[in-house]
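Participant: take a look and give me a structure for this.
(2 chains)
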Number of protein chains: 2
Amino acid sequence: MMSQYLSDIEIARNASLKPIQEVAHAIGLSEESLEVYGKYKAKLSHETIDELASKEDGKLILVTSINPTPAGEGKSTVTVGLGDAFKQLGKNVVIALREPSLGPVMGIKGGACGGGYAQVVPMEDINLHFTGDLHAISAANNTLASLIDNHIQQGNTLEIDPRKILWKRAVDINDRALRNVIIGLGGKANGVPREEHFEITAASEMMAIFCLSKDLEDLKQRISKIVVAYNIHDEPVTVKDLGVEGALTVLLKDAIKPNLVQTLEHTPAIVHGGPFANIAHGCNSIIATRTALKLADYVVTEAGFGADLGAEKFLDIKCQVGGIEPSAVVIVATIRALKMHGGVAKKELSLNNPEALRKGFANLRKHVETIKQYQLPFVISLNHFVGDHEEEINEFIRLCESENMPFAMTKVWEKGGQGGVELAHQLLSVIHQAEEEEKVNFQPIYSLSDSIEEKLTKICENVYGANGVELSTQAKKQLKKIEEAGWSNFPVCIAKTQYSLSDDPSKLGRPEDFTISIRELKPLVGAGFVVAYAGQMLTMPGLPKKPAALNIDIDENGYVKGLF
Amino acid sequence: MMSQYLSDIEIARNASLKPIQEVAHAIGLSEESLEVYGKYKAKLSHETIDELASKEDGKLILVTSINPTPAGEGKSTVTVGLGDAFKQLGKNVVIALREPSLGPVMGIKGGACGGGYAQVVPMEDINLHFTGDLHAISAANNTLASLIDNHIQQGNTLEIDPRKILWKRAVDINDRALRNVIIGLGGKANGVPREEHFEITAASEMMAIFCLSKDLEDLKQRISKIVVAYNIHDEPVTVKDLGVEGALTVLLKDAIKPNLVQTLEHTPAIVHGGPFANIAHGCNSIIATRTALKLADYVVTEAGFGADLGAEKFLDIKCQVGGIEPSAVVIVATIRALKMHGGVAKKELSLNNPEALRKGFANLRKHVETIKQYQLPFVISLNHFVGDHEEEINEFIRLCESENMPFAMTKVWEKGGQGGVELAHQLLSVIHQAEEEEKVNFQPIYSLSDSIEEKLTKICENVYGANGVELSTQAKKQLKKIEEAGWSNFPVCIAKTQYSLSDDPSKLGRPEDFTISIRELKPLVGAGFVVAYAGQMLTMPGLPKKPAALNIDIDENGYVKGLF
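Facilitator: Sure, this is the predicted structure:
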């Protein structure tokens, strides 16, 4: 974004926020239903959520995008701006977003609050500790880890094999030095030496469980089912066997309540849960989405990365597990990103290049085809950047029109909700049309009763456009174990690069003639899905050479700078 | 405590709390000065604290105790009950406490909220994540650790010697398997292999800094001075050299604001900061204490463990650094604990044994002598337990009277504030008398201008009753380095067992003819003190064979059980 503009944090600081009670009141929530955190944040109590149960659901709009590039797409920004646009049209709307991980905030990029004039606020708080949810998840995660090692140390009556512990410690920090560690050194009083691997909290099974739980009781049930290790007889050892599901649930009892904040235009936003989308299922919590649907006629939500990762998991995992049905999908694209998919290097993106745009459009076309397979109406959001050339924009419009793809230009970064009104109108129109024609017939790509292999094949062929899927020898062995354990009805969560439809991050655009290789299958019994690793995916990011932390500062008056 | 009584969590749950705004209002704080966290917790804003600066300070009463035993002393309970008693006498009073660490809550004991009818509430929240302060401190601590390893990984322009890194990672969990670890394994992309040691957050320098900072600016200054490592030329490398003091301060900007809660009797309590007292300086934050002094005529606060550890550090470190002067000291003792100091085994504590009491009284006598050296008025609190025998109580009274020690019986666990009224009256009387006689002349045991060895000698001889102090060869070498670096004016923080006046935990009562051996001297330049290790002190506790986590549970209505 250009330097004559205010930074996101400057815009956010200049904004006049409404007391969160007022924001809540606008969607029918009384002051008593809130647990307020400061003036501009609140959690919704369990009682409030229970009371909403009998209300009818609003319509859910899922925002996804083309495969991300370093050029930037602005998916969160469009999500926020679209919510504001619905509000400008007089609709009763709630936005439902993920909460940011602290690690990346200190590392390479800002949070996930949108940008420009389409932000959720208070962005400083949301990007830092917010209401403490991620810290609570880390604490539950690491308390369990400590309890496992303590069990072994104190006599190991469950006969846990220290070489077969699945549960990993987690920190909400980018810390590559913790990827591979040895713990328990220093002699008998200091534990049993073993290999350990830390993950970032957003990649942990505890985060996935948190986001897929329907209520506190479901959370406790899922935690109790976690397989933490195998014993020396190769049988699974669960949290229930350790007897600590109650304590771990207690650690999450407040975190599980959804957080209410607002946009710069005072549109209510529920920001809750934040699993990564390349290595986890990548969408906000089921509790948050379901609560939002009870509170509003229109809910705008977002899934991580491109439609191949975030939207697929949203539609196949979250919707099937949570009994959620979207009404329409927005696919965000930018001229710049499509040109990168067409082969243009980042430093040449400012040059007019309709030819590259045409070539890169293939990436968008594939995602449109994918969403059509789910039988959902959609609108493409062409998210306008200041340097876009008119010839390119015209070419984009020509392509959409010639291929009969509904689209709208969005300028929410510059203009807030006003810049998303065209998109909102288009959405209302496609939703209305689908209803008229009785065409809304949401269909996941696979059914939970399909075998694990069928599920993988359907995703790889229908969503990625691959010729097929290949399982490694290891994955085949693991598949047998999964089937024997009776976990075949789990959805699958493919861990894959976000940059390409294929499993090779360098293949931009619309790669063809490729197969997906699944190296490893890992059942997460608490979360209730099987992770399929398509290549080596890091579950713990590192910091860059010049981390964002170097630019973050605070003056004696408490003013923060350097947060994006 | 006996089983016919309600548990602490039952009493706490049955209590009717006042909205925190009402509690604040009673000490002159408007709703605008609060950042509310739920209905019963609030943080006080930086502006509020600034506005209070011109007000006169109230009188500070420090609660300490004899050396702790497994019999229990109830120091926090007396602190809370005494605050309630002052309130019952119509005094304007605020209690200032440490906030509990989560690790011990899941491990071996409850939190630090008092007990029975003398508790701060909401105890569930305070014992779990509270307002997130400890999580923020862990995050700042571990972000710094990751930045150090990242600096080395990315070219190491500061030439940090990976064998001489002082900064340790921290978790707020009892996790012995993290005491000694090797990190950075797995090849070039995953960091530089090196030895690492995790501490519990309460034992970290970041916690000490947090508690000794006077304001946000001081916090940032202290963070910038942290020596994180030595370089290959054996020169110190600081946070300032890494350029990340701003980012780390941003992570603590909300945590540093003091937390306001209430007792069961609605007495305001500021609960903020929580360093351990055996391995750190063991008292709540300077910001909290100074704020409390501005808000009330009487402030009751507590220091960890016995007077040899907590009170010494409170009076010598916190008071000298923060410019704080107490008006009186309470020394808590129980019949049961004194009998243990007199040689009785835990299982025989219920038997009447005035002889053992007489013998164990020597421990109390030493702490009284110590407090007299600080030239502070004091009152002994005989904290009544249900099974105390009348003959023992009479013997205790006889001893106090014959040695001219002011004392009061407290029954705050059973009776709340009413059980502390006698103690409050006694305190008002000794404070009044000292003022009349112009005897209030608080005098730390050492002056900051004393040499490190003089400081150590004065503490060991005058507070512990040792014949002297011996430095190991290693400590002598370290002392030379400390003197060369110009850190001789730092106070010293002796890390010593809490169970004995000596450095041998088995020597109860009043040990004689012993010397203290200092194994290691460690300057904490950010905190601004030198830690002197008297023996091997663990900075990371372990979990017991049957951790408290096994008994903690939550039902489908969100009711928690098993927290103490």
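Participant: run through who's touching the lowest-mean-pLDDT helix or strand in chain A.
Facilitator: Every helix and strand in chain A was compared by mean pLDDT, DSSP states H and E; the lowest is helix A:8-14, with a mean of 81. Applying C-beta atoms under 8 Å, 6 or more residues apart in numbering or on different chains, the contact partners of helix A:8-14 are A:6, A:110, A:113, A:115-117, A:119, A:121-124, A:264, A:559-564. To be clear about C-beta, it is placed using only N, CA and C from the backbone, and glycine gets the same treatment.
Participant: make a PyMOL selection of the buried ones in the residues you listed.
Facilitator: Of those, the buried ones can be selected in PyMOL as follows, counting by 16 or more other C-beta atoms under 10 Å in any protein chain shown:
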select buried, chain A and resi 110+113+115+116+117+119+121+122+123+124+264+560+562+563+564
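Participant: which parts of the stretch 201-350 of chain A sit against chain B?
Facilitator: With C-beta under 8 Å from any C-beta of the partner chain as the criterion, the stretch 201-350 of chain A meets chain B at residues A:216-217, A:220, A:243-244, A:246-251, A:253-254.
Participant: show me what contacts residue A:379?
Facilitator: With C-beta under 8 Å, 6+ apart, residue A:379 has these contacts: A:328-331, A:406-408, A:423, A:426-427, A:430.
Participant: helix/strand/coil for it?
Facilitator: strand (DSSP: H, G, I helix; E, B strand; the rest coil).
Participant: ok, back up a step: turn the contacts of residue A:379 into JSON lines, columns for neighbour count, pLDDT and secondary structure.
Facilitator: Converted to JSON lines, the contacts of residue A:379 look like this (neighbours: other C-beta atoms under 10 Å in any protein chain shown; pLDDT from 0 to 100; DSSP: H, G, I helix; E, B strand; the rest coil):
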{"residue": "A:328", "neighbour count": "24", "pLDDT": "97", "secondary structure": "strand"}
{"residue": "A:329", "neighbour count": "28", "pLDDT": "98", "secondary structure": "strand"}
{"residue": "A:330", "neighbour count": "27", "pLDDT": "98", "secondary structure": "strand"}
{"residue": "A:331", "neighbour count": "26", "pLDDT": "98", "secondary structure": "strand"}
{"residue": "A:406", "neighbour count": "18", "pLDDT": "98", "secondary structure": "coil"}
{"residue": "A:407", "neighbour count": "22", "pLDDT": "97", "secondary structure": "strand"}
{"residue": "A:408", "neighbour count": "22", "pLDDT": "98", "secondary structure": "strand"}
{"residue": "A:423", "neighbour count": "30", "pLDDT": "98", "secondary structure": "helix"}
{"residue": "A:426", "neighbour count": "20", "pLDDT": "98", "secondary structure": "helix"}
{"residue": "A:427", "neighbour count": "28", "pLDDT": "98", "secondary structure": "helix"}
{"residue": "A:430", "neighbour count": "19", "pLDDT": "96", "secondary structure": "helix"}
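Participant: neighbours around residue A:64, how many?
Facilitator: Residue A:64 is flanked by 30 other residues according to other C-beta atoms under 10 Å in any protein chain shown.
Participant: how close does it get to residue A:301?
Facilitator: 10 Å (C-beta to C-beta, to the nearest Å).
Participant: can I assume residue A:275 is in contact with residue A:283?
Facilitator: Yes - using C-beta atoms under 8 Å, residue A:275 is in contact with residue A:283, at 7.4 Å.
Participant: domains of chain A?
Facilitator: A:3-129+A:257-436, A:133-250, A:452-534 (automatic domain parsing).
Participant: so for residue B:176, which of those domains sits nearest?
Facilitator: Residue B:176 sits nearest to domain A:133-250 of all the domains of chain A, at 5.1 Å, using C-beta to C-beta.
Participant: how far out from the middle of the chain is the closest one?
Facilitator: In terms of C-alpha atoms, centre = their mean, to the nearest Å, the centre of domain A:133-250 is set 23 Å apart from its chain centre.
Participant: quick one: end-to-end distance for that domain.
Facilitator: 13 Å (C-alpha to C-alpha, to the nearest Å).
Participant: equivalent analysis for stretch A:230-242, please.
Facilitator: Start-to-end, stretch A:230-242 (C-alpha to C-alpha) is 13 Å.
Participant: what comes up buried for that stretch?
Facilitator: A:230, A:236-239, A:241-242.
Participant: could you point out which residue ranges in the stretch 351-500 of chain A have low pLDDT?
Facilitator: A:440 (pLDDT under 70).
Participant: could I get the full set of strands for it?
Facilitator: For the stretch 351-500 of chain A, the strands defined by DSSP state E, counting those that start in this stretch cover A:378-383, A:407-410, A:468-471, A:492-495.
Participant: what mean pLDDT does stretch A:44-62 get?
Facilitator: In this model, stretch A:44-62 carries a mean pLDDT of 95.
Participant: got the end-to-end distance for that stretch?
Facilitator: Stretch A:44-62 end-to-end distance (C-alpha to C-alpha) = 23 Å.
Participant: go on, stretch A:348-360?
Facilitator: End-to-end distance (C-alpha to C-alpha), stretch A:348-360: 15 Å.
Participant: same question for stretch A:501-510.
Facilitator: 7 Å.
Participant: pull out the buried positions in it.
Facilitator: A:501-504, A:507-510.
Participant: next one: the residue most central in space within chain A from residue A:64, what distance?
Facilitator: Geometric centre of chain A, nearest residue: residue A:282, 2.8 Å, by C-alpha atoms, centre = their mean. As judged by C-beta to C-beta, residue A:282 and residue A:64 stand 10 Å apart.
Participant: shared neighbours of these two, anything?
Facilitator: Going by C-beta under 8 Å, 6+ apart, residues that sit against residue A:282 and also against residue A:64 are A:303, A:310, A:314.
Participant: returning to what we had before: anything in contact with each of residue A:275 and residue A:283?
Facilitator: By C-beta under 8 Å, 6+ apart, the residues touching both residue A:275 and residue A:283 are A:98, A:211.
Participant: residue A:23 touches residue A:260, doesn't it?
Facilitator: Yes - counting by C-beta under 8 Å, residue A:260 is a contact partner of residue A:23 at 6.8 Å.
Participant: settle it for me: which of the two has more neighbours?
Facilitator: residue A:260 (32 against 22).
Participant: if I've got this straight, that one is in a strand?
Facilitator: Yes - assigned with three-state DSSP, residue A:260 falls within a strand.
Participant: didn't it look like it was pressed against residue A:44?
Facilitator: Yes - using C-beta under 8 Å, residue A:260 is in contact with residue A:44, at 6.2 Å.
Participant: that older thread, out of the domains of chain A, which is closest to residue B:34?
Facilitator: Smallest distance to residue B:34 across the domains of chain A (C-beta to C-beta): 9.2 Å, for domain A:3-129+A:257-436.
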